[in-house]
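Asker: Predicted coordinates and the sequence they were generated for:
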Amino acid sequence: CFFFFNDTATTEIYTEQIVGSVRCVQETGTWGNKIRIFSMYQLRRSFSSYKGGLTKGNINPYLVASQYAIGGPIPIRALEIKKKMKQGEKFPFEKVVECYIGNPQYFGQPPISFNRDVLSLVLSPKNISSSPLHKDIKERAQYYVNNIEGNIGAYSPKRGYPFIATNVAQYINQRDGVSNANPDYIQLTSGSSDAAFIVLTALIRDRSDGIMIPIPQYPLYSALIELLRGSQVPYYLDEDRSWQITAADLEKSFNEHMEKGIKPRMIVIINPGNPTGQVFSKDTIEDIIKFSAKHNLSILADEVYQQNIYKEGAKFHSFRETITKMPEPYNKVELFSLYSISKGYMGDCGIRGGFLEGYNIDKQVWREITKLKDVFNLPTVGEVSLDLTINPPKQGRESDETVELFENEKKEILDSLKRRAIMCTDYLNKMVNVKCNPVDGALYAFARLQLSQGVFEEAEKRGMSPDLFYCMEALERTGVATVPGDGFGQKPGTNHFRTTTLVLPETSLHDAFQRFSKFNEWFHNEYKHTQKERTVHFDKNINVNN
């Protein structure tokens, strides 16, 4: 506490907190023996030497334990290299290719023209009437202006704009062939991450509460579970079966953790998969729902890649649709579904928009979950972008010209994503000691490494996991930044890395993989022997005469 006085020529400050920090000018008994008087000059001097008391050792240990691989050593080093290159330092490559993150528009994916043009007018409504843009664009912009109280620069309601929540419910009904989507159980979000956060915050009470997560998994989930002081209950995806799930594996994981005193409360499903790129069949989804009903689990369905399906004959089946159409008791399973505008064909990662739907959720529970959003404010541009995504131009409302342009742009983006997914898989499977399942969906390839003992030895010497060592060497020698598999979780004894399939133009992806292929061959040749074996080999080839 600081007390300011004007009763002397020099302002004096009385405080008990800084007794030992600065030299005392005089003591006074007015406020008790512990109070001392300091001049402003001396106080400034004390602050200049202030060192603070916060260290990594005394902040929240659950925050420290929470790890997010997408922001780990590889991205940090990649940014360091980029900074040094701007300062003129030379590296054995011309640019860093940041394949560690699913950020489509960063790589040059174009935004949907209709969406951007509408947003430009919503942000500046005075230009609507005079704009040379198409009538369809101006009408859609006016629709938003008319339905938004104030303007888009004002706070929106904490649940999001009600008219957009209604549109989301209509979208779900149309997508899933159902009729019971309720706007009251739609929470607009700034993407899928904060939706996952508020759900897990509600469910996790202490370490005895378990959340079942796939391994490999998107590390958001392991990070949040650790931060919220819950327990991870991993279930392994079967790499030999293209990363599918079996009921037997789920039962095994559930029972093992129950024996440890950890009670799973929820199962997280990522479909299509990140980082694994699998697409689950309807039969698999039904098995997961039956398993959840048997063990009284809620389901968190991360379905943000639902529009990224590349496998011939494969189809996205939402958990919402499947639960609704199953008989009792399966149609009563509690479900939380996530959607985001960051993925799909949109790739609007920076605009931040999405929704969370609760289905079969108790009304009071839903209120407790969504009240967490009362603490934060939604990005209004993201809300409008969400509506543009779920409510795109369509025949009978917009002109044929507008609809055709939208459909062509969407098709071009999705076709290119499919070509790049195939290209990544083909390149990876041609590499020495690398194996990769087909990328059936999403935006990533998750490749398995067969590493020699020499790699393990060198990685240990450098204080790294084997796959981090591989990825770091690749970055330093090729500029291609990938993410080691240990950041996503993997079966013991295996090593992987994840790369995005997003690099544009497609010729640049081709060039990056050519460099990466050459590196991979060099790496496995360089470390195929242990240090002892390399020393013996070197000694045998010494020419004593020289």
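Answerer: It's in.
Asker: Next, the buried residues of whichever strand or helix holds Ile74.
Answerer: If you go by DSSP states H and E, Ile74 is part of helix 73-86. The neighbour-count criterion (16 or more other Cβ atoms under 10 Å) identifies Pro73, Ile74, Pro75, Arg77, Ala78, Ile81, Lys82, Met85 as the buried residues of helix 73-86. From N, CA and C alone the C-beta is placed, and that goes for glycine too.
Asker: got the buried residues for stretch 274-292?
Answerer: For stretch 274-292, a neighbour-count test (16+ other Cβ under 10 Å) marks 274-280, 284-289, 291-292 as buried.
Asker: what does stretch 118-137 give?
Answerer: For stretch 118-137, using 16+ other Cβ under 10 Å, the buried residues are Val118, Leu119, Leu121, Val122, Pro125, Ile128, Ser131, Leu133, His134, Asp136, Ile137.
Asker: Touching the helix holding Ile74 from outside, list them.
Answerer: Helix 73-86 has contacts (Cβ atoms under 8 Å, 6 or more residues apart in numbering) with 91, 95-96, 98, 100-101, 468, 471-472, 475-476, 479, 481-484.
Asker: Number of residues surrounding Ile369?
Answerer: Using other Cβ atoms under 10 Å, Ile369 is surrounded by 22 other residues.
Asker: That one looks like it's in a helix, true?
Answerer: Yes. If the criterion is DSSP: H, G, I helix; E, B strand; the rest coil, then Ile369 is within a helix.
Asker: any idea how far Asn408 is from it?
Answerer: Remark: distance between Ile369 and Asn408 (Cβ to Cβ, to the nearest Å) = 40 Å.
Asker: How about Gly261?
Answerer: Per Cβ to Cβ, Gly261 is found 57 Å from Asn408.
Asker: for Ile213, phi and psi?
Answerer: Geometry field for Ile213 lists phi and psi as phi -130, psi 150, criterion degrees, to the nearest 10.
Asker: so what's it bridging to?
Answerer: Beta bridges link Ile213 to Pro234 when assigned by DSSP bridges.
Asker: so what's it up against?
Answerer: Ile213 is in contact with Tyr221, Ser222, Ile225, Gln232, Val233, Pro234, Tyr235, Val268, Gly489, counting by Cβ under 8 Å, 6+ apart.
Asker: most surrounded residue in the residues you listed?
Answerer: Busiest of these [other Cβ under 10 Å] is Val268, holding 27 neighbours.
Asker: Which residue lies closest in space to Asn331, excluding its sequence neighbours?
Answerer: Of all residues not flanking Asn331 in the chain, Ile323 sits nearest, at 5.7 Å (Cβ to Cβ, 6 or more residues apart in numbering).
Asker: actually Gly160, sorry about that
Answerer: In space, and not counting its chain neighbours, Gly160 is closest to Leu188: 2.6 Å by Cβ to Cβ, 6+ apart.
Asker: Wait, a strand at the one you found?
Answerer: Yes. Counting by three-state DSSP, Leu188 is located in a strand.
Asker: That one: neighbour count?
Answerer: Neighbour number of Leu188 under other Cβ under 10 Å is 27.
Asker: residue contacts, it?
Answerer: Counting by Cβ under 8 Å, 6+ apart, Leu188 has contacts 156, 159-161, 164-165, 168, 353-355, 378, 383, 386.
Asker: can you put the residues you listed in JSON lines and add neighbour count?
Answerer: Formatted as JSON lines, the contacts of Leu188 follow (neighbours: other Cβ atoms under 10 Å):
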{"residue": "Ser156", "neighbour count": "21"}
{"residue": "Arg159", "neighbour count": "17"}
{"residue": "Gly160", "neighbour count": "24"}
{"residue": "Tyr161", "neighbour count": "22"}
{"residue": "Ile164", "neighbour count": "26"}
{"residue": "Ala165", "neighbour count": "24"}
{"residue": "Val168", "neighbour count": "24"}
{"residue": "Gly353", "neighbour count": "30"}
{"residue": "Gly354", "neighbour count": "26"}
{"residue": "Phe355", "neighbour count": "26"}
{"residue": "Leu378", "neighbour count": "23"}
{"residue": "Glu383", "neighbour count": "29"}
{"residue": "Leu386", "neighbour count": "32"}
